[in-house]
Every structure is written in C-alpha cells, then in structure tokens.
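Participant: Got a sequence here, can you model it:
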Amino acid sequence: MSTRNVEYVRTAMVAAAPPPKDEKSAVAWLRKNLFSGPKDVILTLIAVAIILAIVPPAIDWLFIKASWVGSDRSVCATVVQGGIQPEGWTGACWAFVEDRFAQFMFGRYPLDERWRPLLVTVMLIALLVPLLIPKIPGKTINAVLMFIIFPVVAFYLLHGGAFGLQRVDTPLWGGLMVTLILSFVGIAVSLPLGILLALGRKSKMPAIKTLCVGFIEIIRGVPLITVLFMANVMLPLFLPTGWTIDNFLRALVGVALFASAYMAEVIRGGLQAIPKGQFEGADSLGLGYWQTTRLIILPQAIKLVIPGIVNTFIGLFKDTSLVSIIGMFDLLGIVQLNFRDATWITPVTPLTGLIFAGFIFWIFCFGMSRYSAFMERHLDTGHKR
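Facilitator: Purely as a prediction, here's the structure:
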C-alpha cells in the first residue's frame, strides 16, 4: 500500500448512529408491536374491547363502590338485606377483610401473644434477604442460622411451653402463619431430600435405587390430599398405645415428603442433561463420586432446572390450603371459615374474601417467579463473552 493512500484507511470503527427519532416514539412502538399487520390490528382491537369490558366494572366494584370501614354486615348489605346500602348497590366488602385481618394472619393465636409470630417473621426476613442476595458474603453462616438455628428458635417462640413462654397449641395456629410455616418447612426439606432421591434413583446400587424409585412413584401416584389423610388417620394406627403425633407435625411431614418426590424428578432431569464429558473430566482429575457430584455435577444440574424447582415451590405454596382436611386452617381455610360468621354474612362477603386470599397467594407466587428469573439471568454464564 502506498504511503499516499494511508490517509484513506480508517483505523477505528465508526460509532453507531442513533436510531431515527420517529423509530423511538410511542407511535413507532405501537405501529411495530400492536399494528404491524392486519392480524395484529384485529387482535389488538379484540384485546382492547375485552379490557374495556372487564377493567372499568372491576375497578368500580373493587374500589369505587366498595365499603371500606364498618364493624358488621350492615355496611355491606342493602336496605332490603338489613343493611344501609341502597337497593341495587354492589361493591366489595373490604370492611370484612379489615375487621378480620388479624385473624387471617394468625388464626386463633392468643391476642396478647401475637408478638411472638411477629418476631419470628422479622427474624425470617432478616435471615432470608441476605441469603437471597448473591453478592452478600457469609452464605455458609447465614445458611446455618437459617436452616438449623432459626427453626429451633421459631418452634419455641411459636409453641412456647419453655423459657417462661405461654404454651400455644397448634390447633390455635392458623391463617397466613400456617401457610408460611408449611411452605418454609416443605421447601427447606424437599430440596435436599429431593436431591438425595434423584441421586439414589441414578445409583448403580440396586437396593438404594429400588427404594428411591419406589418412594418417588408411590408418592407421585397419589394426590396430596390422600397423603395428608393417611398421615392424619392411618399413622396413629401404627403407633404404640398411648403415643400420638401432633396434627400439624403430621401435615409438615406429609407436605415435605410429597414435595420431595416431585423435586427428585426435577433434579433428575437436570442430572440427565449433564454431558458425559463432565464425569470423564472429573475422573481424569482423580475426583471421587461425592467430590464430582458436589463440585461439578450438582451446581450445573441445579442451574439448569431452576424454573422447575421454583415451579414446584409455587405449587407447594398453593397446595398448603389442603391441610384443612386435617383440621388446620391456612389463609384460605380461615377466610372460608369466616364466611359462616353471622356478623358478616352478605352476598358480597365470600367473593371479597376469596379475592383477598387470592391476591396474597399471588404476591408470594409472583415474588418467587421474579426471583427465579433473576437467578437465571445471574447464573446464565454459558454464552457471555
């Protein structure tokens, strides 16, 4: 290349030009995403029509015409029904939720002892938040406090009967407190137990493999309500005379075992997705079975099946409502129990209570879903440059 032509050779890439202004406007976004073709126009118009038909009446019923304050059914019933609302009135009865809110949270837990579940909640949040944030150090100590120390402290705080605390039997527990306890124990137990069951199912030892396969297939072959019924009715028949197990403990064991069987299959799917070369590479480094599993295989397998794990957790959280079959009342159960309260019997009370319970369940399930998406992005290093 001649020296006189060097000045025409570019040594750096031209900076990217900004997009045209008309491509960044709201009109451009609408044209690209909602009105890019005849089919999109038709679907957009149908969606808008459905939204206009549903959302305004829902907002009117939920907020504008709703009753927010009151001490009995009169604020949520029409004059003909014995209330104060005009004929033809229809709106949500949030006064019912406000009046029964404490019961929805704690069940029949003694009023002067409710500081104890509140303290347990604060401890749970204080330990859970640092555990969920990847960049905070000290995860080992945090996990020990969360999964070993905290359950023991929480049990003595909630149940009492020691250290000068009043004894509060589990039949008095209820509401969101029961839902969270069942979910926490089920999640904390099902994940490690599911990992062991998945490893056992892939084991080359016939006895261990048979036991794991049998447990998984039997538990997955029956609904959770059957497991809870068996734990509540059949288990006492196999105990020595005079022995008994608390109903709530039976529910905890039943829920944890049920979730662990499904978790085992989720983890097994991740194990099967690991290439054979990973095992061969570990063997070439002289690593034993447990070293290979702990350091190489499980971290990759669990990362692959995060959506399945969280999906199982969400299903477990919602399935806690089935414990009402053994006389325990979670959030949904305690809400439904209050429908029969003569103080609040109105045509709109049941729907309002169910909407409230559904919203609480949605908050927790949506939170787990969003955290799952965050962890997927955080651990997705396979295609980063």
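Participant: As a check, name the ranges of all strands in the stretch 251-385 of the chain.
Facilitator: 329-330 (DSSP state E, counting those that start in this stretch).
Participant: residue ranges with poor pLDDT in it?
Facilitator: 381-385 (pLDDT under 70).
Participant: one more time with 80, if that's ok
Facilitator: Residues of the stretch 251-385 of the chain meeting the criterion pLDDT under 80: 327, 380-385.
Participant: Let me see the ranges of the helices in it.
Facilitator: 276-284, 289-292, 298-304, 306-319, 331-337, 349-379 (DSSP state H, counting those that start in this stretch).
Participant: Then the stretch 101-250 of the chain?
Facilitator: Under DSSP H, counting those that start in this stretch, the stretch 101-250 of the chain gives helices at 115-132, 139-144, 150-159, 176-201, 206-220, 224-229, 247-272.
Participant: Now render those helices as CSV, adding mean neighbour count and distance to Phe374.
Facilitator: (C-beta placed from N, C-alpha, C; glycine too.) Shown next, in CSV, are the helices of the stretch 101-250 of the chain (neighbours: other C-beta atoms under 10 Å; distance: least, C-beta to C-beta, whole Å):
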stretch, mean neighbour count, distance to Phe374
helix 115-132, 15, 9
helix 139-144, 12, 16
helix 150-159, 16, 23
helix 176-201, 21, 17
helix 206-220, 14, 29
helix 224-229, 19, 29
helix 247-272, 21, 19
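Participant: on that earlier part again, between the helices of the stretch 251-385 of the chain, which gets nearest to Gly186?
Facilitator: Across the helices of the stretch 251-385 of the chain, Gly186 has its closest neighbour in helix 306-319 (4.9 Å, C-beta to C-beta).
Participant: helices and strands around the closest one, which ones?
Facilitator: Contacts defined by 3 or more C-beta pairs under 8 Å, 6 or more residues apart in numbering; DSSP states H and E place helix 306-319 against helix 176-201, helix 247-272, helix 349-379.
Participant: thinking again about what came up before, Throw the helices of the stretch 101-250 of the chain into CSV and include distance to Asp283, thanks.
Facilitator: Output for the helices of the stretch 101-250 of the chain, formatted as CSV (distance: least, C-beta to C-beta, whole Å):
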stretch, distance to Asp283
helix 115-132, 34
helix 139-144, 28
helix 150-159, 38
helix 176-201, 17
helix 206-220, 21
helix 224-229, 40
helix 247-272, 16
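Participant: Least confident of these, on average?
Facilitator: For the helices of the stretch 101-250 of the chain, mean pLDDT drops lowest on helix 224-229, to a mean of 88.
Participant: just checking, Val185 touches Ala256?
Facilitator: Yes: with contact defined as C-beta atoms under 8 Å, Val185 reaches Ala256; the gap is 6.0 Å.
Participant: what's the offset of stretch 356-376 from the middle of its chain?
Facilitator: 6 Å (C-alpha atoms, centre = their mean, to the nearest Å).
Participant: Let me fix that, I meant to ask about stretch 204-213.
Facilitator: Taking mean C-alpha positions (C-alpha atoms, centre = their mean), stretch 204-213 and its chain are 31 Å apart.
Participant: mind listing what Asn220 touches?
Facilitator: Just so we're on the same page, residue 220 is Arg rather than Asn. Ala261, Tyr262, Glu265 (C-beta atoms under 8 Å, 6 or more residues apart in numbering).
Participant: Show the contacting residues for the residue nearest to the first one when sequence neighbours are not counted.
Facilitator: The spatially closest residue to Ala261, leaving aside those adjacent along the chain, is Ile219, at 3.7 Å (C-beta to C-beta, 6 or more residues apart in numbering). Under the criterion of C-beta under 8 Å, 6+ apart, the contact partners of Ile219 comprise Val227, Leu257, Phe258, Ser260, Ala261.
Participant: before we move on, back to that, quick one: which of the helices of the stretch 101-250 of the chain is nearest Thr170?
Facilitator: helix 247-272 (3.8 Å).
Participant: any idea of the angle the closest one forms with helix 306-319?
Facilitator: Taking axes from the mean of the first three to the mean of the last three C-alpha atoms, to 10 degrees, helix 247-272 and helix 306-319 form an angle of 160 degrees between their directions.
Participant: Show me what helix 247-272 packs onto, helices and strands only.
Facilitator: Looks like helix 247-272 contacts helix 176-201, helix 206-220, helix 224-229, helix 298-304, helix 306-319 (3+ C-beta pairs under 8 Å, 6+ apart).
Participant: Number of residues surrounding the residue lying closest to Pro307 once chain neighbours are set aside?
Facilitator: Nearest residue to Pro307, sequence neighbours excluded (C-beta to C-beta, 6+ apart): Ser372, at 6.3 Å. The burial count assigned to Ser372 is 18, neighbours taken as other C-beta atoms under 10 Å.
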